[in-house]
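Novice: Provided below for reference: sequence and predicted model.
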Amino acid sequence: MFNRKDFVSDTEWKRFLDFSKGFETPNIVVNLRTIKKNFIQLKDSFPYAHIYYAVKSNPGIPVLRLLDSLGSNFDIASRYELDKVLSLNISPDRISYGNTIKKAKDIKYFYEKGVRMFATDSKEDLKTIAKNAPGSRVFVRILVENSPTADWPLSRKFGCHPDMAYDLLVLARDLGLTPYGISFHVGSQQRDIGQWNDAIAKTKYLFESLEDEEGIRLSMINMGGGFPAHYIQPTNELKEYASEITRYLQDDFGEEIPMIILEPGRSLVGDSGILTSEIVLISRKNNTALERWVYIDAGKFNGLIETIDESIKYPVITEKDGGKEGLTIIAGPTCDSMDIIYETEKYKLPIDLKPGDQIYWLSTGAYTSTYASVAFNGFPPLKTYYMGEDGLEEDTV
Ligand SMILES: *Cc1c(COP(=O)(O)O)cnc(C)c1O
């Protein structure tokens, strides 16, 4: 159904097969070489931007180490992620606390560890920051349209109307904080580049009105993530995103483009992962049913949660590709009806598949390994292996 070569080169496929030989399924192998390549490409495409890796997308220690060595900064959502990043001797001035939902004691903890940059989108949170992280830089996240062209939404829950963002930045100044900038996230795996245009236009309006009316000069725009990994729905290539978005910035800000922050997750790590699952059972619901059910040992509760509502559609390949194919409903192993992976989207798999055969899920490096239940139905979280230049890299400090 899919051509593996569209997603993984022959060289990398061979490396993967050698590396993963004998691993029990289900598991994910993360190819660090792919992440390095993606980071360098992002840096080249947006040479003026500061990159803050969204740690939640794949918090493996080998990933963090690699990105540290490449000069990345880190966007962090909890004290647990903070501890992990600090344990690698990454300095707190390369860290942003990007979650707008946080406890007072966690803000204090970040402040005590030296973090001085905080996101916010509400008055209550802003006041808590002023009290527990005095003098820090704050940026306000604005709401953007909940566009159907993003395959995984990140807009509705976070952000506030630009009018409120205005008030919050004024209040930030009055509370002794540094009103630093504006952030937005146009939705993850955003296929419509124009979404950045709308958000940048709103940002421009805020920069101008705050300066004209309040004398507040903002310094920074945080354009979030949203850049694509390679799944089955086509997207533009990253360089297309970069040239369009750069043009939007120039149109609105001319020569005086503020400091730009990007917070990529999916686009850096998505393509790096291959999830290997094994077929547990193949059945039909009645004697004449056209569709087979293929049950595998991975599912919504161990790694494939982003297939909720069939949002993210991963390319799937098998050892028996090339022969005749038939319509297939793919489901996970747990006793929960929600644990159906693809039913509406018509995946076709080889008809001679048997229990015990392996199914490979490509582009599963983002939002998989730690996005799994601990032991639902007794199934353990997904085991993740990090493939470096010299073989296995341990996920420990
Ligand atoms: C999750 C998240 C990101 C990463 O988004 P991607 O679409 O995966 O690149 C960036 N910024 C914030 C605030 C996030 O919550």
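Specialist: That came through fine.
Novice: Check which element follows the lowest-mean-pLDDT helix or strand in the chain along the chain.
Specialist: Scoring the helices and strands of the chain by mean pLDDT, DSSP states H and E places strand 150-152 at the bottom, with a mean of 91. Helices and strands here follow DSSP states H and E; after strand 150-152, the next one along the chain is helix 162-174.
Novice: give me the number of residues near the closest residue to the ligand within the stretch 201-350 of the chain?
Specialist: Proximity of the stretch 201-350 of the chain to the ligand (CB to the nearest ligand atom) peaks at Gly225, 2.1 Å away. Where you see a C-beta, it was placed from the backbone N, CA and C, and this is true even at glycine. Per other CB atoms under 10 Å, the neighbour tally for Gly225 reads 24.
Novice: sorry, back to before: contacts for the least confident helix or strand of the chain, please.
Specialist: With contact meaning CB atoms under 8 Å, 6 or more residues apart in numbering, strand 150-152 is reached by 186-192, 195, 226, 231, 233, 266, 306, 311-313, 367.
Novice: And the residue of the stretch 201-350 of the chain closest to the ligand, its phi and psi?
Specialist: Phi and psi for Gly225, reported as degrees, to the nearest 10, are phi -100, psi -140.
Novice: same check, this time on Glu345
Specialist: Main-chain torsions, Glu345, degrees, to the nearest 10: phi -70, psi 130.
Novice: Hmm, it is touching Ile312, no?
Specialist: No: checked against CB atoms under 8 Å, the pair Glu345 and Ile312 is beyond contact range at 10.6 Å.
Novice: quick one: which of these two has more around it?
Specialist: Each of Glu345 and Ile312 has its neighbours counted (other CB under 10 Å); Ile312 has more, 25 against 12.
Novice: show me the contacts for the nearest residue to that one once chain neighbours are set aside.
Specialist: Excluding its sequence neighbours, the residue lying closest to Ile312 (CB to CB, 6 or more residues apart in numbering) is Glu306, at 4.1 Å. The contact partners of Glu306, taken as CB under 8 Å, 6+ apart, are 152, 312, 367-368, 371.
Novice: and which of these is nearest to Asp106?
Specialist: Nearest to Asp106 among the contacts of Glu306 is Tyr371, at 21.1 Å by CB to CB.
Novice: What residues does the stretch 251-397 of the chain have near the ligand?
Specialist: Contact residues, the stretch 251-397 of the chain versus the ligand (CB under 6 Å from any ligand atom): 263-267.
Novice: Just the closest of these to Glu244, please.
Specialist: Distances from Glu244 to these, taken by CB to CB, are shortest for Ser267, at 14.9 Å.
Novice: related to what we said a few turns ago, could you identify the pair within the contacts of Glu306 that is furthest apart?
Specialist: Trp152 and Thr368 (12.5 Å).
Novice: Please identify which of those two sits among more neighbours.
Specialist: A count of neighbours by other CB under 10 Å puts Thr368 above the other of Trp152 and Thr368, at 28 against 17.
Novice: which residue sits closest to that one, ignoring its sequence neighbours?
Specialist: Gly303 (4.5 Å).
Novice: The one you found contacts Ala372, doesn't it?
Specialist: Yes: in this structure Gly303 lies within contact range of Ala372 using CB under 8 Å: 5.4 Å.
Novice: which one of the two has more residues nearby?
Specialist: Each of Gly303 and Ala372 has its neighbours counted (other CB under 10 Å); Gly303 has more, 29 against 23.
Novice: Who are the contact partners of the more buried one?
Specialist: 26, 28, 275, 364, 368-369, 371-372, 382.
Novice: go on, Phe46?
Specialist: Phe46 is in contact with 242, 245-246, 260, 262, counting by CB under 8 Å, 6+ apart.
Novice: So what does the residue nearest to Lys204 when sequence neighbours are not counted have for phi and psi?
Specialist: In this structure, Lys204 finds its nearest non-sequential neighbour in Asp252, 4.1 Å apart by CB to CB, 6+ apart. Torsion angles at Asp252 (phi, psi; degrees, to the nearest 10) stand at phi -90, psi -40.
Novice: What strands line up against the least confident helix or strand of the chain, and which way round?
Specialist: If you go by DSSP bridges, strand 150-152 pairs up with strand 188-190 (antiparallel).
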